[in-house]
Structures are given as C-alpha cells and as structure tokens.
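Enquirer: Provided below for reference: sequence and predicted model.
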Amino acid sequence: MKRNYWFIAMGIFWTVIFSGMSFYWAMGGMFGVRSLGGAIYEMSLNPDPSFVIIVWLTGFIKLLGLILLLMLFVQWKKPIITIMLYYVTKIIGALLFLYGFLNFITISLSVFNILDFDLDSYATFWRLSFWEPFWMAGGVFYFFSVKRV
C-alpha cells in the first residue's frame, strides 16, 4: 500500500473540522445550524438532552476517521493490517463521497419540484453549495489517501 501524505493530511484536517462542528453544536453553538435545515434545525432550537447526547456522539464517531487516517502513518509488520486499512479507507472514502453526491442529487431534484423536502431556500442553498460538496471532498481525501503499489 502506498500512502499519499497530502491526501492524508487533508483528510485529517477535514475530519477535525467535521467533528469539531458537532462538538461546537453539542455545546450549544448555533452558527451554521440553520444551513442544515429541516428537522435538525428545528430540534436544535430547543434541544432535548437526548438530542444533545446524539450530537456529542456523532462528534466522537467522526473522530474515528482521524484514528483511521493516523493509522496509515504506521509501518505495520503484519501485511493483513495494511490490507485491511487499505480497504477500510477506500470504502469509507467511497461512502462519504456517495452520501454527499446522492444528497446533492436529491436536494437538486427538490429544487426542480421533482421531490419534496422540508428545506427552505436558505438551507437548500447551503446544502448544495457547501454541505454536500464538503461530504464529497472528505470522500475524495479518504479514498485517495492510499493506493495499491
């Protein structure tokens, strides 16, 4: 497995920002929440304790990606670990990209009134111009951080 250190670094940076947003929101921060729209925005206006716990947990789950990327820096003695890291990183990268891409498509379809979503124009704009491309960028960083030799 060959490592692309630039993509690993960008993936680490992306992951820290990604998880940091969840921690910020879990602590009650509201900047950027309206751009998510829908039920998440509504729940964040007067959050139940269970909602806050879920936001904290998502932040910690997102940090697992940081552990994965940092593990790519280790020269593992057992080839099976290197092979597993390669496939896990590729799969996670593909899933992150697909999540953003499919959301981008479905939200775009709602703009043309083909699908009906509970998103106002503000949230729709930010989802299409920032959030979904942000997910796709993370997928690209993870996917291209490793390649076969």
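Expert: Received the coordinates, thanks. Numbers count the residues shown, from 1 in each chain.
Enquirer: how close does Thr89 get to Arg3?
Expert: 10 Å (CB to CB, to the nearest Å). (Glycine included, C-beta is placed from N, CA and C.)
Enquirer: more neighbours: the two, which one.
Expert: More neighbours surround Thr89 than the other of Thr89 and Arg3, with 25 against 16 (other CB atoms under 10 Å).
Enquirer: follow-up on the earlier one: where do the contact lists of Thr89 and Arg3 overlap?
Expert: Residues touching both Thr89 and Arg3 (CB atoms under 8 Å, 6 or more residues apart in numbering) are 72, 145-146.
Enquirer: now these in CSV, with secondary structure, distance to Asp120 and pLDDT?
Expert: Compiled in CSV, those are given as follows (DSSP: H, G, I helix; E, B strand; the rest coil; distance: CB to CB, whole Å; pLDDT from 0 to 100):
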residue, secondary structure, distance to Asp120, pLDDT
Leu72, coil, 40, 97
Ser145, coil, 36, 98
Val146, strand, 40, 98
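Enquirer: which single one of the residues you listed is nearest to Gly138?
Expert: Nearest to Gly138 among these is Ser145, at 10.8 Å by CB to CB.
Enquirer: and the closest one, what does it touch?
Expert: For Ser145, the contact set (CB under 8 Å, 6+ apart) comprises 3-4, 7-8, 11, 69, 72, 89, 93.
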